[in-house]
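**Student:** With the sequence up front, the predicted model follows.
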2 protein chains.
Amino acid sequence: MSKKAVVLLSGGLDSATTLYVAKKQDFECCCLIFDYGQRHRREIESAKHIAQKAKCKWQVVKITFPWKGSALLDRRALLPQRRLGQIPREIPSTYVPARNTIFLSFALSYAETIGAQSIFIGANAVDFSGYPDCRPKYYSEFNRLSQLATKAGAGGRSIKIFTPLINKTKREIILLARRLKVPLHLTWSCYKGMNKPCGLCDSCLLRARGFAQAGIKDPLIQ
Amino acid sequence: MSKKAVVLLSGGLDSATTLYVAKKQDFECCCLIFDYGQRHRREIESAKHIAQKAKCKWQVVKITFPWKGSALLDRRALLPQRRLGQIPREIPSTYVPARNTIFLSFALSYAETIGAQSIFIGANAVDFSGYPDCRPKYYSEFNRLSQLATKAGAGGRSIKIFTPLINKTKREIILLARRLKVPLHLTWSCYKGMNKPCGLCDSCLLRARGFAQAGIKDPLIQ
C-alpha cells in the first residue's frame, strides 16, 4: 500500500494538526493549498510556512469563483462579530457553498495523479461553525463517491478520506497539536488578515475558547 | 419548485444538446463553462457562442491545475490517434483525474448560490470514452452526496443532477439535437484546436461515427 497522502492545508489550527497526525502515521504528505479569493492572503502564506516547517511538498490550486454568496469571498460583506459564548448553530454568512466538496474533488484529482490512496482533511463536527459539509455522514458519503469517481477506484484501489479531528473538541485538538509539536505560532485562524487576530470573528472565538479550555497560551496572542 | 438550472457547457455536441433539453423543459438555464487549461481555447469560445445563441446566462470558472496527469492538460503530450472502429474501452490518456467530480462540485456551489435545484450534465455511458465518471451509478452516488453537501440539502431542498443523454447512442443524440434545433455548427468536439477538426482523435472519431449513423452531414465537415 502506498504511504503517500494528500493533506488539505488551510493555514489554520485544525489543518496543521491534521498534517502532523498524518506525518505521525508515517505518510509522505503532499499538501494542497487553495487560493480561492479568500479575503486575505495571510492564511495562504501561513499554509506554505507550515508545509515548509513540516518538510512537506505543497501545491497551490488557484480558483476564480465568478459568483459570490459568502462573506468569506466578498471583501465588502460584513463578517459576523460576536462575543465569546455566542457562537451560533445556524449556518453563518461565511459559508461558501459546496466548498469542501470542491476542495475534496481537487484532492481526489491530485491523489490519483500522484498515486496517493489517502486524503486527510481537518474537518470538525464538534466545535464546528455550522457548515453542512463538516458532518461525519458527509465524509462517509464522499468515500462512497470516491470509489466510483476515479480510475484508481475503478481498479479496486480506491482513495479514502480521513478526518482524524472530526469528533474532537477544540481543546482536544490543541492538546494533540502540542503533543505532536505542531508549529502553533505559524497557524492563522482569523477570518480577517491583519497583523494580529481580530478576536471577534467566529474563528477567533472558537480558537480562544479552545486555548482557554486547554490551559495553553495562544502564541499568536501577546 | 424553482425552474432555474445550472447546465455544464463544454462547447461539445453532448453538452449543447443537454442545454437544449433543459430549455425544452422550460428551465431558466445558467451555463457553467470551465477554463481549466485545456489544450486550446476553441472549445471555451464555442461554449460561449452556444450559450449566447440559446439566450442563456453563462459564467466561466477559471482553474489552474498545478499537476498534469492527462494528455488533455499537457500540450506537449501526444494525443491518442486511431482509425474509426478502433475506439478502445480502456481509460485513455486524455482522462483528467476526477474532472467531472470537480465540475459537479462547482455546479453544486453555483446552483446553491443562485437557488437552482437542478444541474444538467451531458455525460454519456454508451459511446463514452472509457472515463469512470461517466457511468450512471457515479451520478446516483453524486446525488446522494449533494443532499448532504449543501445548505439547501440540509434544509430538505436538495439539488439534483440530471443526465438526459446518459443512455443514448451518439446517433440518438445527434437526431435529438436536430429535433431541438441545437446549433450544431457552433459545437466543437475535436481535442485539438485547429481551424478544422483533426478527424483522428477519439472525440472526432465518435462524432464522425454518430453523424454517419444518424445519416446527417456534420456542418463542421466541408
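**Tutor:** Happy to help now that I have it. Numbering: from 1, shown residues only, chains lettered A, B, ... in the order given.
**Student:** so after the strand or helix carrying A:I173, what's the next helix or strand?
**Tutor:** Assigned by DSSP states H and E, A:I173 belongs to helix A:170-179. Tracing the chain C-terminally past helix A:170-179 and defining elements by DSSP H and E, one meets helix A:202-214 next.
**Student:** Please report the average pLDDT across the biggest helix by length in chain A, rounded to a whole number.
**Tutor:** Using DSSP state H, we find that the single longest helix of chain A is helix A:99-114. Taken as a whole, helix A:99-114 carries a mean pLDDT of 93.
**Student:** so it versus helix B:99-114, what angle?
**Tutor:** Going by axes from the mean of the first three to the mean of the last three C-alpha atoms, to 10 degrees, helix A:99-114 is angled at 170 degrees with respect to helix B:99-114.
**Student:** From what I see, A:K181 and A:Y20 are in contact.
**Tutor:** Yes. Using C-beta atoms under 8 Å, A:K181 makes contact with A:Y20 at a distance of 7.2 Å. All C-beta spots, glycine's among them, are computed from the backbone N, C-alpha and C.
**Student:** out of the two, which sits in the busier spot?
**Tutor:** Comparing A:K181 with A:Y20 by other C-beta atoms under 10 Å in any protein chain shown, the one with more neighbours is A:Y20, at 21 against 11.
**Student:** Is it correct that the more buried one falls within a helix?
**Tutor:** Yes. Remark: A:Y20 belongs to a helix, assigned using DSSP: H, G, I helix; E, B strand; the rest coil.
**Student:** Could you pull up the residues touching the nearest residue to it once chain neighbours are set aside?
**Tutor:** Nearest non-adjacent residue to A:Y20, counting by C-beta to C-beta, 6 or more residues apart in numbering or on different chains: A:L180, 4.0 Å away. Contact partners of A:L180, counting by C-beta atoms under 8 Å, 6 or more residues apart in numbering or on different chains, are A:T17, A:Y20, A:V21, A:K23, A:K24.
**Student:** if we can go back for a sec, tabulate the CA atom coordinates of the longest helix of chain A in PDB.
**Tutor:** What follows is helix A:99-114, C-alpha atoms only, in PDB (Å, rounded to 0.1, in the frame of the first residue of the first chain):
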ATOM      1  CA  ARG A  99     -16.500  24.500  -0.600                       C
ATOM      2  CA  ASN A 100     -15.400  21.200   1.000                       C
ATOM      3  CA  THR A 101     -16.900  19.300  -1.900                       C
ATOM      4  CA  ILE A 102     -14.800  21.400  -4.300                       C
ATOM      5  CA  PHE A 103     -11.700  21.000  -2.200                       C
ATOM      6  CA  LEU A 104     -12.100  17.200  -1.900                       C
ATOM      7  CA  SER A 105     -12.600  16.900  -5.600                       C
ATOM      8  CA  PHE A 106      -9.300  18.600  -6.300                       C
ATOM      9  CA  ALA A 107      -7.700  16.400  -3.600                       C
ATOM     10  CA  LEU A 108      -9.100  13.300  -5.300                       C
ATOM     11  CA  SER A 109      -7.600  14.500  -8.600                       C
ATOM     12  CA  TYR A 110      -4.200  15.200  -7.000                       C
ATOM     13  CA  ALA A 111      -4.200  11.900  -5.100                       C
ATOM     14  CA  GLU A 112      -5.000   9.900  -8.300                       C
ATOM     15  CA  THR A 113      -2.300  11.800 -10.200                       C
ATOM     16  CA  ILE A 114       0.500  11.200  -7.700                       C
END
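**Student:** Now it: buried residues?
**Tutor:** A:99-114 (16 or more other C-beta atoms under 10 Å in any protein chain shown).
**Student:** and that helix, is it in reach of chain B?
**Tutor:** Yes. Under the criterion of C-beta under 8 Å from any C-beta of the partner chain, chain B is reached by helix A:99-114 at A:99-102, A:104-106, A:108-110, A:112-114.
**Student:** Considering helices and strands only, name the one in chain A with the lowest mean pLDDT.
**Tutor:** Within chain A, no helix or strand scores below helix A:151-154, which has a mean of 64 by mean pLDDT, DSSP states H and E.
**Student:** what bits of chain A have low per-residue confidence?
**Tutor:** Scanning chain A for pLDDT under 70 picks out A:1-2, A:39, A:68-95, A:127-130, A:152-156, A:193.
**Student:** sorry, back to before: so which residues lie in contact with the helix holding A:I173, not counting its own?
**Tutor:** Residues contacting helix A:170-179 (C-beta under 8 Å, 6+ apart): A:13-14, A:16-17, A:20-21, A:124, A:126-127, A:165, A:168, A:184, A:206-207, A:209-211, A:213-214, A:216.
**Student:** of those residues, buried ones?
**Tutor:** Neighbour-count burial (16+ other C-beta under 10 Å) is assigned, among the contacts of helix A:170-179, to A:13-14, A:16-17, A:20-21, A:124, A:127, A:165, A:168, A:184, A:206-207, A:209-211, A:214.
**Student:** How far away from the center of its chain is stretch A:98-112?
**Tutor:** Counting by C-alpha atoms, centre = their mean, to the nearest Å, stretch A:98-112 is centred 12 Å from the centre of its parent chain.
**Student:** helix or strand for A:K48, which one?
**Tutor:** helix A:42-53.
**Student:** what comes up buried for the helix or strand following that helix?
**Tutor:** Where DSSP H and E defines the elements, the next helix or strand beyond helix A:42-53 is strand A:57-64. Neighbour-count burial for strand A:57-64 flags A:W58, A:Q59, A:V61, A:I63 (criterion: 16+ other C-beta under 10 Å).
**Student:** Now cross-check these against chain B and list the overlap.
**Tutor:** Applying C-beta under 8 Å from any C-beta, the subset of those adjacent to chain B comprises A:Q59, A:V61, A:I63.
**Student:** Across the sheet, point out what pairs with the second one.
**Tutor:** This points to A:V61. A:F34 (DSSP bridges).
**Student:** isn't it right up against A:C31?
**Tutor:** No. Counting by C-beta under 8 Å, A:C31 is not a contact partner of A:V61; they are 11.1 Å apart.
**Student:** Show the end-to-end separation of stretch A:123-135, please.
**Tutor:** 8 Å (C-alpha to C-alpha, to the nearest Å).
**Student:** The helix or strand hosting A:I119 packs against which elements?
**Tutor:** Per DSSP H and E, A:I119 falls inside strand A:118-120. Strand A:118-120 is packed against strand A:4-8, helix A:13-24, helix A:99-114, strand A:160-162, with contacts defined by 3 or more C-beta pairs under 8 Å, 6 or more residues apart in numbering or on different chains; DSSP states H and E.
**Student:** what lines up beside that strand in the sheet?
**Tutor:** Its sheet considered, strand A:118-120 pairs with strand A:4-8 (parallel), strand A:160-162 (parallel) by DSSP bridges.
**Student:** Please put the alpha-carbon coordinates of the longest one into PDB.
**Tutor:** As requested, the backbone C-alpha atoms of strand A:4-8 are provided in PDB (Å, rounded to 0.1, in the frame of the first residue of the first chain):
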ATOM      1  CA  LYS A   4       1.600   8.900   0.200                       C
ATOM      2  CA  ALA A   5      -1.200  11.200   1.400                       C
ATOM      3  CA  VAL A   6      -2.700  14.400   0.200                       C
ATOM      4  CA  VAL A   7      -3.400  16.800   3.100                       C
ATOM      5  CA  LEU A   8      -5.700  19.800   2.700                       C
END
